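Asks: test case, fold it:
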Amino acid sequence: MSVLDQARENMLERQIRTWDMLDERVLAAMAAIPRERFVPAGWEALAYADMAIPLPHGQAMMEPKVEARLLQAAMVRPEDRILEIGTGSGYMAALLARLGGAVVSVERIAAFIPPAEERLQAHGLGNVHLVAGNGLDWLKGKERFDVVVITGSIPDAGLLTSAVLEEGGRMVAVVGQGPVMEAMLFSREGSLGLCQESLFDTWVPPLEGLETRPVFQF
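Replies: This next block holds a predicted model:
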């Protein structure tokens with residue numbers, strides 16, 4: 001077993017399983033996708049560390065345990081059609097492609113798309129369609145999906161509607177402004193519209209192009 005293979009196993013057993021992580025399909029996907037091939041050059045040795053990995057343009061890969069918990073909450077099924085907002089390095093798209101059906105991943109920073117596409121193709125994940133554009137436009141119901149994953153934080157849940165979700169669909173997002181934000185699960189449940197559930201506290205860089213509201217201190 002290589003050093004990185006051992007690091008991946010340690011991540012799964014010591015970081016993720018110990019944090020209320022019970023979904024074996026998610027764990028298997030994270031075991032199968034080599035995260036070190038999705039981090040920026042020079043960061044391979046820290047690919048499985050309990051930390052956010054910086055990406056260009058002020059973006060970042062979430063901590064592995066946060067990625068895992070969001071995927072668990074989304075309850076991705078093999079037949080699901082999935083929308084990811086914020087492709088970044090392509091790692092979350094790879095996990096979604098492994099867990100679900102067709103994946104549409106929308107990225108506002110065009111420079112992220114070619115390397116992400118190359119990584120996905122190298123792993124035989126042909127069920128991901130990368131799109132350059134503003135992912136927030138897709139939240140307005142341009143199309144409907146079974147699962148939506150937003151990889152950058154948004155300032156408040158008022159930006160979200162049920163229009164993007166099929167009946168029974170699930171959406172995960174990190175909501176709020178620093179220093180502490182809230183990971184949340186949203187679901188479309190008939191006449192109830194968009195129901196929401198708090199998952200855990202965390203921090204994620206804001207979604208690219210999304211203006212945050214000023215925070216006033218008294």
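Asks: going forward, measure contacts between C-alpha atoms and count neighbours the same way
Replies: Will do.
Asks: give me phi/psi at the closest residue in space to G152 that isn't next to it in sequence?
Replies: Distance criterion C-alpha to C-alpha, 6 or more residues apart in numbering; nearest residue to G152, sequence neighbours excluded, is L207 at 4.0 Å. Dihedral pair for L207: phi -60, psi 130, per degrees, to the nearest 10.
Asks: quick test: name the residue nearest the centre of the chain.
Replies: T151 (4.2 Å; C-alpha atoms, centre = their mean).
Asks: longest strand in this structure, please.
Replies: Ordering each strand of the chain by length in residues (DSSP state E) puts strand 165-175 first.
Asks: where do the strands sit along this protein?
Replies: So, for the chain - with DSSP E - the strands run 53-54, 60-61, 82-85, 103-107, 128-132, 145-150, 165-175, 181-188, 194-202.
Asks: let's have the ones you listed in a markdown table, adding distance to R8.
Replies: Putting the strands of the chain into a markdown table (distance: least, C-alpha to C-alpha, whole Å) gives the following:
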| stretch | distance to R8 |
| --- | --- |
| strand 53-54 | 15 |
| strand 60-61 | 16 |
| strand 82-85 | 24 |
| strand 103-107 | 25 |
| strand 128-132 | 24 |
| strand 145-150 | 23 |
| strand 165-175 | 24 |
| strand 181-188 | 24 |
| strand 194-202 | 22 |
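Asks: let's have those strands in CSV, adding mean pLDDT.
Replies: Below are the strands of the chain laid out as CSV (pLDDT from 0 to 100):
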stretch, mean pLDDT
strand 53-54, 96
strand 60-61, 94
strand 82-85, 98
strand 103-107, 98
strand 128-132, 97
strand 145-150, 98
strand 165-175, 97
strand 181-188, 97
strand 194-202, 95
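Asks: could you export those strands as JSON lines, including mean neighbour count and distance to E24?
Replies: As requested, the strands of the chain are exported to JSON lines (neighbours: other C-alpha atoms under 10 Å; distance: least, C-alpha to C-alpha, whole Å):
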{"stretch": "strand 53-54", "mean neighbour count": "17", "distance to E24": "24"}
{"stretch": "strand 60-61", "mean neighbour count": "22", "distance to E24": "22"}
{"stretch": "strand 82-85", "mean neighbour count": "27", "distance to E24": "20"}
{"stretch": "strand 103-107", "mean neighbour count": "24", "distance to E24": "21"}
{"stretch": "strand 128-132", "mean neighbour count": "18", "distance to E24": "22"}
{"stretch": "strand 145-150", "mean neighbour count": "25", "distance to E24": "18"}
{"stretch": "strand 165-175", "mean neighbour count": "24", "distance to E24": "19"}
{"stretch": "strand 181-188", "mean neighbour count": "22", "distance to E24": "19"}
{"stretch": "strand 194-202", "mean neighbour count": "15", "distance to E24": "19"}
